[in-house]
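S.K.: okay, sequence plus prediction incoming.
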Amino acid sequence: MNNFLSIPSKGINKTYSDLLTDLNHLEKIPCILHTKDEYKIYLSILAAACNGDNIVLTDSGLTEYELKEIGISSEDVLSVNPRRYRDINDVTCLLGKIKNDEWSLTLFTSGTTGKPKSVTHKVSSFLRSVKTGKRFENNIWGLCYHPTHIAGINVFFQAFFNLNQIVFLFDLPKDGIKKELRDSEITNLSATPSFYRQLLPSSEQYGSVMYVTSGGERYDENLSIELKKIFVNARFRNIYASTEAGTIFTGDGDNFRIKEDSLNLVKIVDHKLFLHKSLLGTSENLVCEGDWYDSGDIVEVIESTPLTLKFVSRQNDFVNIGG
């Protein structure tokens, strides 16, 4: 069966067949997950999905003190859900269970604007941006985001629903990333501009890479020019996403064109971007003004028809580096 996950830094290579075996032998499903084991993170997410449970994902870099700051104790991390699902015999059955909207994920915002806030999303929030079909079935994804952050989860589901291979690049040094780009023949990359900058300067070219996606930070034209020199066959796109709302817009470079069927989900007041509450996960920390949530982003309208935006800055003084 297809390769599922490769973690070069730890010598881990798992197929989808391995995943099914491990999933069926899993005896405990954590309620709150705090671990540096990337494979365990994905295994636990899928187990919770099959069980119809919510699972809380915390950043593995948080200390015990920081966990307490967001309301999580050591005892919470050790709590587990009773296993209720029957054996999963094939991947088709597993995909069907994941699509069940009875389960959810709780994530935490980055904390760049204060104490991290928890946001809970139903699976439909993550599947909103997933594209499937024959043209996606041979993709090999380089995963360059932390696996418990919204961008990492979105990449995971995009790859998983097409039964693609995922190569974990997040914790590799520059030379290790370049080696995997060559040896694993990665076709799709999704990362922050900060991640891409560590590949530069480079005299190498990676012809297998067909799609380069950027998100989490401002994406400047100079970086785009340099990346096109090494990813010579790739199409480039930029993504606007947040922990509160998931993936919302995609665009080329700095400009985001809003699709006609999404016009009723955004509004701009005094250059501030507001998102409709239907896009949001659930959280006691999300405060809406009527039906609208202030995203905290300052935008410039490039065109009114079709509506095209450029993100200028945030409303606070924090700068997001590395997502």
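M.R.: Arrived safely.
S.K.: use CA for all of it now, contacts and neighbours both
M.R.: Fine.
S.K.: in the top helix by length along the chain, what's buried?
M.R.: Ranked by residue count, the top helix of the chain under DSSP state H comes out as helix 38-51. Of the residues in helix 38-51, 38-39, 41-51 count as buried by neighbour count, 16 or more other CA atoms under 10 Å.
S.K.: do the same with stretch 94-108
M.R.: For stretch 94-108, using 16+ other CA under 10 Å, the buried residues are Leu94, Leu95, Lys97, Ile98, Lys99, Glu102, Trp103, Ser104, Leu105, Thr106, Leu107, Phe108.
S.K.: where does the prediction get shaky in the stretch 1-150 of the chain?
M.R.: 1, 101, 110-114 (pLDDT under 70).
S.K.: can you show me the strands along it?
M.R.: 3-7, 12-15, 29-30, 32-33, 54-57, 80-81, 104-108, 118-122, 140-143 (DSSP state E, counting those that start in this stretch).
S.K.: counting contacts, what elements does the fifth one pack onto?
M.R.: Yep, that's strand 54-57 we're talking about. strand 32-33, helix 38-51, strand 104-108 (3 or more CA pairs under 8 Å, 6 or more residues apart in numbering; DSSP states H and E).
S.K.: reformat the ones you listed as a markdown table; add distance to Glu300.
M.R.: Listed next are the helices and strands packed on strand 54-57 as a markdown table, based on distance: least, CA to CA, whole Å:
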| stretch | distance to Glu300 |
| --- | --- |
| strand 32-33 | 39 |
| helix 38-51 | 38 |
| strand 104-108 | 28 |
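S.K.: list the residues that contact Phe312.
M.R.: To be clear, residue 312 is Val; Phe isn't right here. Asp297, Ile298, Val299, Glu300 (CA atoms under 8 Å, 6 or more residues apart in numbering).
S.K.: burial count for the last one?
M.R.: When neighbours are counted by other CA atoms under 10 Å, Glu300 registers 17.
S.K.: neighbours of Val123, just the number please.
M.R.: 18.
S.K.: my read: it touches Trp103, true?
M.R.: Yes. Val123 is within contact range of Trp103, at 6.6 Å (criterion: CA atoms under 8 Å).
S.K.: can you list the weak-confidence ranges in the stretch 201-323 of the chain?
M.R.: Using pLDDT under 70, the flagged stretches of the stretch 201-323 of the chain are 253, 315-323.
S.K.: could you pull out the strands in it for me?
M.R.: According to DSSP E, counting those that start in this stretch, the strands that the stretch 201-323 of the chain contains are 211-215, 235-242, 246-252, 255-257, 266-269, 272-276, 288-289, 292-304, 307-314.
S.K.: distance to Thr58 for those - can I get that in JSON lines?
M.R.: JSON lines is the format used below for the strands of the stretch 201-323 of the chain (distance: least, CA to CA, whole Å):
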{"stretch": "strand 211-215", "distance to Thr58": "21"}
{"stretch": "strand 235-242", "distance to Thr58": "16"}
{"stretch": "strand 246-252", "distance to Thr58": "17"}
{"stretch": "strand 255-257", "distance to Thr58": "30"}
{"stretch": "strand 266-269", "distance to Thr58": "29"}
{"stretch": "strand 272-276", "distance to Thr58": "25"}
{"stretch": "strand 288-289", "distance to Thr58": "25"}
{"stretch": "strand 292-304", "distance to Thr58": "22"}
{"stretch": "strand 307-314", "distance to Thr58": "25"}
